[in-house]
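# please find the sequence and the predicted model below.
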Amino acid sequence: MEKLLVEEVRNKTAAQEFILEGFPALQRLGTIFFLIHLVAYLTSILSNMLIIVITLADPRLHIPMYFFLSSFSVVECCFITTVIPKLLTIFLLGRQTISFVACFAQAFLFLFLGATVFFLMAVLSPDRYLAICRPLHYPTIMSRKVCFLLVAFCSVLGFLFMVIPVLALSHSSFCGPNVIPHFFCDFGPLSSLSCSDTRSIDSLFFMLALCVLFTSLMITIVAYSNIAATIMRLPSAKERQRAFSTCSSHLMVLSLMYGSCVFIYVKPKQTSRLDSNREAALVNTVVTPLLNPVIYTLRNKQVHRALWVVLSRLKVWK
């Protein structure tokens, strides 16, 4: 009987919605920050969409590297759209509530798409290795079918890695405070609000997050170690510079992504430093998506030529 009463009380006090705290210190300047983040969001979306359009429009870009980059752009657009629109609503209208289902859906999509991005970035490393170190075998190995399978494999891995801990956390009890000290529903802040013992779920998530980051990092290190050795053996300084320039963008993006994700997720106690996680998460959700198109492809001469071709065609049609 006592257990039934406890269960009844728990059901009555179970959280049906959460409140996203956002950035309380900045809320009085909400309109200004709304405009800043809106511009950043639209710029990120348009830049990534431009990369996708250019890649599809120019046959010279129908090569594995740009296929992976356009796939990366698609995932990146979805990734930031899971978070930024709600942040804009918080800044402009002050609407901080989010339903239980919507909160966990946002957490899953954010983590699933984030893991997929890391796996895609890992795939780009052996792609660059084959292009630079095995140029004669590159077209045969990286066929269109292989490229599609690799992208599908990255998505499936991202789904499988993140669905289990998020689903497990969603079935735990939330009967106490419902204020999330973040601007979106992330795993750590949600876990800290649970009334259940989530240590096993936290440990599982920590191990899976570590596996995602460590696996992609190891693939990148091995690939670029071989690339560096090959580049150093090139006889011409101009050839070495050209080979390095094809890899520098990838390394710059990886540095931004790994730095912020390691700070947020690769620590056993997810309840620690939740406030500082908000600033680090902005790097992943606002800064990096804004810089990625510029760093990765829009400064590439081949992309510049393709862009001019597309613009020329538009002028002809007019």
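Received it, and whenever you're ready, just let me know what you need.
# Y66 sits in which helix or strand?
Assigned by DSSP states H and E, Y66 belongs to helix 64-81.
# no no, L290
Per DSSP H and E: helix 288-293 holds L290.
# got the CA positions of that helix in CSV?
Provided in CSV are the C-alpha atoms of helix 288-293 (Å, rounded to 0.1, in the frame of the first residue of the first chain):
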residue,chain,number,x,y,z
THR,A,288,31.6,26.2,-35.7
PRO,A,289,28.6,25.8,-38.1
LEU,A,290,29.2,29.5,-39.1
LEU,A,291,32.9,29.0,-39.8
ASN,A,292,32.8,25.5,-41.3
PRO,A,293,31.6,26.6,-44.8
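# what average pLDDT does that helix get?
Taken as a whole, helix 288-293 has a mean pLDDT of 79.
# tell me where this structure has helices.
Applying DSSP state H to the chain gives helices spanning 2-13, 30-57, 64-81, 84-93, 100-133, 138-141, 144-170, 187-193, 199-232, 237-265, 274-282, 288-293, 301-317.
# residues touching A25, list them.
Contacts here follow CB atoms under 8 Å, 6 or more residues apart in numbering; on that basis A25 touches nothing. Where C-beta positions appear, they are placed from N, C-alpha and C, glycine not excepted.
# relative to E279, how far out is it?
Per CB to CB, to the nearest Å, A25 is found 12 Å from E279.
# repeat that for N178.
For N178, the distance to E279 equals 23 Å [CB to CB].
# for these two, indicate the residue with more neighbours.
N178 (17 against 12; other CB atoms under 10 Å).
# which residues does that one contact?
Counting by CB under 8 Å, 6+ apart, N178 has contacts A15, E17, F18, I19, L193.
# where is pLDDT lowest across these?
A15 (67).
# low-confidence regions, this structure specifically.
Along the chain, segments meeting pLDDT under 70 span 1-15, 239-240, 242-250, 263, 265-276, 296-301, 304, 309-318.
# ok so, going back, please identify the buried residues of the helix holding Y66?
By neighbour count on 16 or more other CB atoms under 10 Å, the buried set for helix 64-81 is 64-73, 75-80.
# need the residue closest to the centroid of this structure.
Centroid-nearest residue in the chain, with CA atoms, centre = their mean: G114, separated by 3.4 Å.
# so who does the nearest residue to that one once chain neighbours are set aside touch?
In this structure, G114 finds its nearest non-sequential neighbour in F79, 6.3 Å apart by CB to CB, 6 or more residues apart in numbering. By CB under 8 Å, 6+ apart, F79 lies in contact with F110, L113, G114, V117, T285, P289.
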